[in-house]
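Student: Sequence and predicted structure below; questions after.
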2 protein chains.
Amino acid sequence: MSAETRKKTATLKDIAVATGFSINTISRALRDKDDISAATREKIKRVAREMNHATNMLASSLRLGYTNTIAVILGDVSNPHFAIMMKEIEEYARKFGYITFLVNTNEDAEAEFQAIQAAQNKHVDGIILCPTQVDGRNIAYLRETGTPFVLIGRHFPEVETDFVVCNDRLGGYQAVSYLIAMGHRDILMLNGPTFISSARERFEGYRQALKEHGIPFRSRLVKEVPATADGCELVLQEALAQREKSPEHGFTAIFAFSDMIAWTAWTCLEKRGLTIGRDYSLIGFDHIQSRLAIPYQLSTISSYKSHMSTTAVDLLLKRIKGEYSENKFGQVFIDTALVEGETVAHRK
Amino acid sequence: MSAETRKKTATLKDIAVATGFSINTISRALRDKDDISAATREKIKRVAREMNHATNMLASSLRLGYTNTIAVILGDVSNPHFAIMMKEIEEYARKFGYITFLVNTNEDAEAEFQAIQAAQNKHVDGIILCPTQVDGRNIAYLRETGTPFVLIGRHFPEVETDFVVCNDRLGGYQAVSYLIAMGHRDILMLNGPTFISSARERFEGYRQALKEHGIPFRSRLVKEVPATADGCELVLQEALAQREKSPEHGFTAIFAFSDMIAWTAWTCLEKRGLTIGRDYSLIGFDHIQSRLAIPYQLSTISSYKSHMSTTAVDLLLKRIKGEYSENKFGQVFIDTALVEGETVAHRK
């Protein structure tokens, strides 16, 4: 039921006025508190249903066993990429009468497990999850317990689930091909941990672009940084130190796994008196500036967050409503696009 | 019970190994599913309690009526200020065994009401709320229904509640005094809506600083922008157009209600070929760069997000545990501090 077609909803106050009970009594009756008599509860629920009570949750819950709530579980809400996706999901799910609860896992598998259990204990109708991917146990648990869920941004090649991801391999390929077209051959990749599918696939794109242009792959130019970007400065410092010691570690451009990592690298290089665009070229991934105003434009890859978010909700609602059979999955890859900013210059 | 003193917690798998039941059975028993016999459920719960099961939620819930979950309800998670606070709250609450659920309201009072009800329906132990403040109805409802709650970042001068805010009046005063010390007298304030306490109090600080320096207050130099920063560009455009038409509308510096609005203004001015620090000075509020890497430093006011977040959790836990009486409230004001960046220059 979309917001457009839904009747004007009633608040607790409206129901209080209509029944003559206090808001407190209405609220307690709708939550089935024992201190309200069964007859009163029944009466209030009936009126609430007739008036199409705002949240729809309890009425729906009583009728169908649904709570009209979903959970979003993801690794780092302080990364604008995820925060913007949460907002998009929340706004879009609301159109269908769903309220969205977010749990932040700090990219920690145990916290993720607790978040999944907490969401189940809260009887959400389904979960949108950006999995930590440290191992497959939490996904196995989710499948075993039967909670409808959709993965967003990351997927398990070896496990069948519903998911929506961007075409990470293409994105990595586009980023590195662009750097090569601008004359760069020595490209440092600040990648995420490769147990994460998007890190693996962006790296594949990196290798593919090098290969197509006859540039030999050098593993020492690929460094791993946690997805939360913690410790990014140390990793970059190390790469810069290696570069000073031996020229074969040199690089003129950086491809970062995420805009968060790219901005951290940019900040770190500027602090050392190095200028992005002059001393180094830099390209990120996520295009957080599509929704976050910063006057300096980071060159990046757009993963179409908005499309990804609404697709995740669409897939989850289909799964909740049983529109997919147990062995049929909704799996969507969204093609990425290059966004030219100010941080990639021709190699001198 | 803090993380430090808590025993090593057991996972569902540990309980499965200890009891010989499958993870699925353990999970269903802990969630009181009917398809598991009462005897089995009782046995599994006992073992889980003995092993101090990870989430603690169900054991606690069975013993004390608590769910060890809290909700954070706020206006705009895509604003890094709020996203960082959510992360801080989540991490700190986890140390006390609580899982935090976030609901985003898009600064909409009806969405906020639905979020409060949804959190109550989920039986959270308490709510940390950054209220929309469009009116007092949602707070009245919260008080009436007896759910423990703490306000963060905004408070109602006319309603007694627990809250933690920064000293917004001081912050506004510090920002504008700094601009005046740098020679500016014509200062545009891009304020939030004045039904929000922090917008009102930052504005009071603005007026106080002008007054102390003998600068007459001109209401046409104060413009309102939604807290989500939507439409900020239009408001700024209007101010620039007025400035061109008549010199008495002129301004050389901008004090923005939030870093989000400041960054939006910065981006908008750069787009028009104007340079911050040369053509205009700019100061924001929130210091989002304390946790978000951007190489260009916005001059701003720190509201000590981290301290604010942990204080909110401390106050809420006290309220949940009944350490405050009904008529005693925890009310904390945190003093702000000036953070000098690169965006304020001496007036030429």
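Tutor: It's in.

Student: Which positions in the stretch 51-200 of chain A make contact with chain B?
Tutor: Those residues of the stretch 51-200 of chain A that sit near chain B, judged by CB under 8 Å from any CB of the partner chain, are A:54-55, A:57-58, A:67, A:69, A:71, A:76-78, A:80, A:83-84, A:86-87, A:90-91, A:94, A:99-104, A:106, A:110-111, A:113-115, A:117-118, A:120-123, A:137, A:141, A:144-145. In this view, the C-beta of every residue, glycine as well, is placed from N, C-alpha and C.

Student: Restricted to helices, list these.
Tutor: Counting by DSSP state H, those place A:57-58, A:80, A:83-84, A:86-87, A:90-91, A:94, A:110-111, A:113-115, A:117-118, A:120-121, A:137, A:141, A:144-145 in helices.

Student: In ChimeraX, how would I select the buried members of the residues of the stretch 51-200 of chain A next to chain B?
Tutor: Remark: buried members of these, expressed as a ChimeraX selection using 16 or more other CB atoms under 10 Å in any protein chain shown:
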select /A:54,55,57,58,67,69,71,76,77,78,80,83,84,86,87,90,91,94,99,100,101,102,103,104,106,111,113,114,115,117,118,120,121,122,141,145
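
Student: residue nearest the centroid of chain A?
Tutor: residue A:82 (4.6 Å; CA atoms, centre = their mean).

Student: Tell me how far residue A:31 lies from residue A:235.
Tutor: Separation of residue A:31 from residue A:235 (CB to CB, to the nearest Å) stands at 50 Å.

Student: Who has more neighbours out of these two?
Tutor: Higher neighbour count among residue A:31 and residue A:235: residue A:235, with 21 against 15, using other CB atoms under 10 Å in any protein chain shown.

Student: is it true that the more buried one touches residue A:222?
Tutor: No - applying CB atoms under 8 Å, one finds residue A:235 not in contact with residue A:222, separated by 10.9 Å.

Student: what sits against residue A:206?
Tutor: For residue A:206, the contact set (CB atoms under 8 Å, 6 or more residues apart in numbering or on different chains) comprises A:172, A:173, A:175, A:176, A:187, A:189, A:222, A:255.

Student: Mind checking what secondary structure the residue nearest to the second one when sequence neighbours are not counted has?
Tutor: When the adjacent residues along the chain are set aside, residue A:173 lies closest to residue A:205, with 3.7 Å between them (CB to CB, 6 or more residues apart in numbering or on different chains). Reducing the assignment at residue A:205 to three states with DSSP: H, G, I helix; E, B strand; the rest coil gives helix.

Student: Confirm for me that residue A:205 is in contact with residue A:179.
Tutor: No - under the criterion of CB under 8 Å, residue A:205 makes no contact with residue A:179, lying 11.8 Å away.

Student: Check whether the residue nearest to the centre of chain A really touches residue A:130, as I assumed.
Tutor: Yes - judged on CB under 8 Å, residue A:82 makes contact with residue A:130 at a distance of 7.1 Å.

Student: Spit out the residues that contact the two alike.
Tutor: Jointly contacting residue A:82 and residue A:130 under the rule CB under 8 Å, 6+ apart are A:74, A:75.
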